[in-house]
Every structure is written in structure tokens, then in C-alpha cells.
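Undergrad: Here's a sequence, model it:
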Amino acid sequence: MLNKPDDTATAPDAPALAAARILGGLIAACQKSGEHVSHAAVDLRAVEDIQRKLESDPNDAAARQWIRRLTQTWSYRARDNSRSIRRILDLPESRR
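TA: Numbers count the residues shown, from 1 in each chain. Predicted structure coming up:
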């Protein structure tokens, strides 16, 4: 009996999941610095939901869109157009 590779084993390496983790770090940093604390708490829970969705289906289009919208929102809130923001926006599209 041949062992079929498990698709969930590659989920942690999925670009969209990596983008969600980077976004979570960016939001957590804003929360720790005292900026947008109430928004950060809500959006960190959203990032956790996104990560769960992407762990079960790395190609979930709705989760990818959710990452994109949250990233754009936090780019505006944090007034950040750094490389990390651009990377978050590029990662989910890198391996479709």
C-alpha cells in the first residue's frame, strides 16, 4: 500500500498562511505599541480564523481575500507601506 502525501503537511508552507502570520505579527506590534488597541484585538482574532481556514484549505479564496483586505486596512491604520506590507499582499498570489 502506497502512502499518499498528506496535503495538510504542506499547509504551514503555504504562502497565504505565511502572509497571515506576518500580518498577525504586524497587528500584534501595533497593539503592543498602544496604537488601535481595540481594532487590533478584533483583527487578531480574525487572523486566527484565517489561519485555521488556510490550514484546512491552503487555497481558500475567501481567506486570501480577507488577508488582502486586512492588510490594506492595517497599511492605512499604521501608515505603513513597508516591505512587510507589500510582501503580505504578494505572498497569497505567489503560488495559486
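
Undergrad: just to confirm, which helix or strand has the closest residue to Ile22 other than its chain neighbours in it?
TA: Leaving aside its sequence neighbours, Ile22 sits nearest to Ile88 (Cβ to Cβ, 6 or more residues apart in numbering; 5.2 Å). The way it works is simple: take the backbone N, C-alpha and C, and place the C-beta from them, glycine included. Here Ile88 sits within helix 83-94, counting by DSSP states H and E.

Undergrad: could you give the mean pLDDT of that helix?
TA: Averaged across helix 83-94, pLDDT comes to 77.

Undergrad: and what of stretch 51-69?
TA: Mean predicted lDDT for stretch 51-69 stands at 93.

Undergrad: And it, what's buried?
TA: Gln51, Lys53, Leu54, Glu55, Pro58, Asp60, Ala63, Arg64, Trp66, Ile67, Arg68 (16 or more other Cβ atoms under 10 Å).
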